[in-house]
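**Q** Build me a structure from this.
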Amino acid sequence: MDYSHRITSSASNLTTLSMNQLSKAAVDAADAMAKGVATADAAADAQKAEPPQQPVYVTVIVVLMYTLIIIVAVGGNVLVCYIILSRATMRTVTNLFLLNLAVSDIMKAVICNPFTFVANLILLYWPFGEFMCPFVTYVQVVAVFLSAFTLVAISLDRFVAIVYPLRPKMTRRFFLKIVLFIWFLSLAVPLPTAIISRVEYPDNVTAMCWEGWARDSDKYIYSAIIMMLQYFIPLVIITITSAKIGYIIWLKKTPGEAERDRDRRMASSKRRIMKMIIVVVVIYTVCWLPLHVITLAGDLDPSFYSRPHMNIIWLCAHWLAMSHSCYNPFVYFWMNARFRNSFKKVLNLCHLIKMAPDDDVLFRAVSCDGEMSSTQTGSCRSGKRISTYNGRCLHPQYRL
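**A** Residues are numbered from 1 along each chain as shown. Have a look, this model is predicted:
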């Protein structure tokens, strides 16, 4: 299976770079062959060749891989949105930013993944019409910018809250302004992608959705700007702010905080939140780095896509980037007690999953089995009386 010959929406799906760079490279190579770089027979063969057929088992594997991403990403991030919106105690500034991040992940899972693996990896041509070509390309790019800019906003919010703890907290009005600004930038920066993306027929038969730049220099400049705004500049900002935050919460006492139990608990809470944010950022960095590197190399040298095993390398890098939309809900469940308990409540898993002792959750239960003792394995609430017990609560309701 040679993706370099007929790929319809390569790295530009989510990195905003030239759509169909792999297929474009193949077409350019065929033109070069026709001009005498290779024999006339080879050129004719290249132009008349039928679309490469991939083995059935490869198609099945690819479909399963991308279908898994879509199901997990949509299910997990919809659950995150529901938990944050349905519980007043979860609507903190950081969690509302995570809500915006979940929306971008849903957009990527619903729009990026289906069109990508159907057009690029199964059909190997663009079957969705002329309108959907610029629309899908544009929305995909917007979704990736939303993720990047939201991560920057989370990092800056934590930076101000921890480095300058005596400043007033962010108001809801100011938060809404930041979110609107993030959406404005995410919608405005990729507009050239929507304008120049179109369906073309390089062999007069096969529909390809790609960016039709008049000059290659324009494409390279735009691609470089997009890559810097989408990946490298956010990564630099996040790295600098995270390093400063880490120095303060792990190595230095925050100004104005004394060595009291309450302050130690607050410092511990800040460290837990910061650890979760760092993990989210690291996952974003690791998932997207390979595809960015491949795309950058392909821009500098189009023949890069024709190298041996490039189809496999690109597929792995693309799948890794697409899979980024799956991981954040698992990170929240693993590293945030409130998210964890809310997940369990929504999924009605209290009777299957034993609560961790440090979850600090109170249960309002209809009944409890087990005998009462001084060993606290949970809390059962009846009216205003809090008692401890050995056993489990039936029909629990969490109070965070």
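
**Q** Residue ranges in the stretch 151-300 of the chain under the pLDDT threshold?
**A** The stretch 151-300 of the chain contains residues with pLDDT under 70 at 252-267.

**Q** residue ranges for the helices of it, please.
**A** Listed in chain order, the helices of the stretch 151-300 of the chain (DSSP state H, counting those that start in this stretch) span 172-188, 191-196, 216-227, 233-246, 261-300.

**Q** Same list (those helices) but as TSV, adding mean neighbour count and distance to residue 82.
**A** C-betas here are computed from N, CA, C, even on glycine. Shown next, in TSV, are the helices of the stretch 151-300 of the chain (neighbours: other CB atoms under 10 Å; distance: least, CB to CB, whole Å):
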stretch	mean neighbour count	distance to residue 82
helix 172-188	14	19
helix 191-196	17	31
helix 216-227	16	33
helix 233-246	16	27
helix 261-300	17	19
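
**Q** Any chance of JSON lines for those helices, columns distance to residue 159?
**A** Output for those, formatted as JSON lines (distance: least, CB to CB, whole Å):
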{"stretch": "helix 172-188", "distance to residue 159": "14"}
{"stretch": "helix 191-196", "distance to residue 159": "30"}
{"stretch": "helix 216-227", "distance to residue 159": "24"}
{"stretch": "helix 233-246", "distance to residue 159": "4"}
{"stretch": "helix 261-300", "distance to residue 159": "10"}
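
**Q** so which of those gets nearest residue 315?
**A** helix 261-300 (10.6 Å; CB to CB).

**Q** now whichever helix or strand comes after that closest one against helix 261-300, angle please.
**A** Going down the chain from helix 261-300, the next helix or strand is helix 310-335, by DSSP states H and E. Orientation note: helix 310-335 sits at an angle of 170 degrees relative to helix 261-300 (axes from the mean of the first three to the mean of the last three CA atoms, to 10 degrees).

**Q** and residue 200, how many neighbours?
**A** 18 (other CB atoms under 10 Å).

**Q** Spit out the contact partners of it.
**A** 207, 208, 210, 212 (CB atoms under 8 Å, 6 or more residues apart in numbering).

**Q** could you redo the last one with a cut-off of 7 Å?
**A** By CB atoms under 7 Å, 6 or more residues apart in numbering, the residues touching residue 200 are 208, 210, 212.

**Q** What's opposite the first one in the beta bridge?
**A** Per DSSP bridges, residues listed as beta-bridge partners of residue 208: residue 200.

**Q** Roughly how far does it sit from residue 96?
**A** 40 Å (CB to CB, to the nearest Å).
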